[in-house]
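K.L.:
Below: sequence and its predicted model.
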Amino acid sequence: MKETINVNIGSLAFTLDRDAYDELRNYLDEIRRHLPDEDHDTLDDIEGRIAEILSGEVRNPMQVVTYNMVMRLKEQIGAPSCFGEESHTPRPTPQKNQRIYRSRKERILAGICGGLGAYFNADAALIRLIALILIFFGGVSVWLYIILWILIPEEPLDNPFSNKQH
């Protein structure tokens, strides 16, 4: 049994198996690294073309996009290097198969901000600052923090993605 993930590509909904999702996400991230930061239109066009190709592959809404379908799609669209030189650093993305946890080391109250910082490879203090601004000025409630506290499990003692001490 494979895990499936529902995604929206080019304003169309698709269900991908885990392998297909990881491959497509990595492919789009690689293309993004070859495009100028301000060029969002090209990436939108590429996603639209991906949706078009996948719509031709998927015969009904219940069909799952497979790894092989994504590989055929990549052949049609081309290698990421076709979109230019890789000229900037990759955007921070969660590591493969990384889960979100409440941090054991970077915590003030429940470890939510520390866990989000570890997940997105960002400074926990920056996440805390953003959270405070959203709570006081953005209308985001303290209830959201409490809900996350309940829903997000505490980091296991042997988590390989745990925060590293500097």
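P.N.:
Nice, thanks for sending it over.

K.L.:
Could you double-check that L12 lies in contact with I53?
P.N.:
No. Between L12 and I53 there is no contact under C-beta atoms under 8 Å: 11.0 Å. Every residue, glycine included, has its C-beta placed from N, CA and C.

K.L.:
what kind of secondary structure is Q98 in?
P.N.:
Q98 falls in the coil class when you classify it by DSSP: H, G, I helix; E, B strand; the rest coil.

K.L.:
Does it touch Y119 like I think?
P.N.:
Yes. The pair Q98 and Y119 passes the contact test of C-beta under 8 Å, sitting 6.4 Å apart.

K.L.:
Count the neighbours of N60 for me.
P.N.:
N60: 5 surrounding residues under other C-beta atoms under 10 Å.

K.L.:
Which secondary structure state is assigned to it?
P.N.:
Per three-state DSSP, N60 ends up coil.

K.L.:
circling back to that earlier point, more neighbours: Q98 and Y119, which one.
P.N.:
Y119 (20 against 15).

K.L.:
Name the nearest residue to that one, sequence neighbours excluded.
P.N.:
In this structure, Y119 finds its nearest non-sequential neighbour in I100, 4.7 Å apart by C-beta to C-beta, 6 or more residues apart in numbering.

K.L.:
residues contacting that neighbour?
P.N.:
Applying C-beta atoms under 8 Å, 6 or more residues apart in numbering to I100 gives the contacts G115, L116, Y119, I152.

K.L.:
any idea how far F83 is from L35?
P.N.:
Going from L35 to F83 by C-beta to C-beta, to the nearest Å gives 6 Å.

K.L.:
got any residues that touch both of those two?
P.N.:
Common neighbours of L35 and F83 (C-beta under 8 Å, 6+ apart) are T42.

K.L.:
Which stretches in the protein count as helices?
P.N.:
18-34, 40-57, 67-77, 112-119, 124-137, 142-151 (DSSP state H).

K.L.:
wait, which of these is closest to R104?
P.N.:
helix 112-119 (8.3 Å; C-beta to C-beta).
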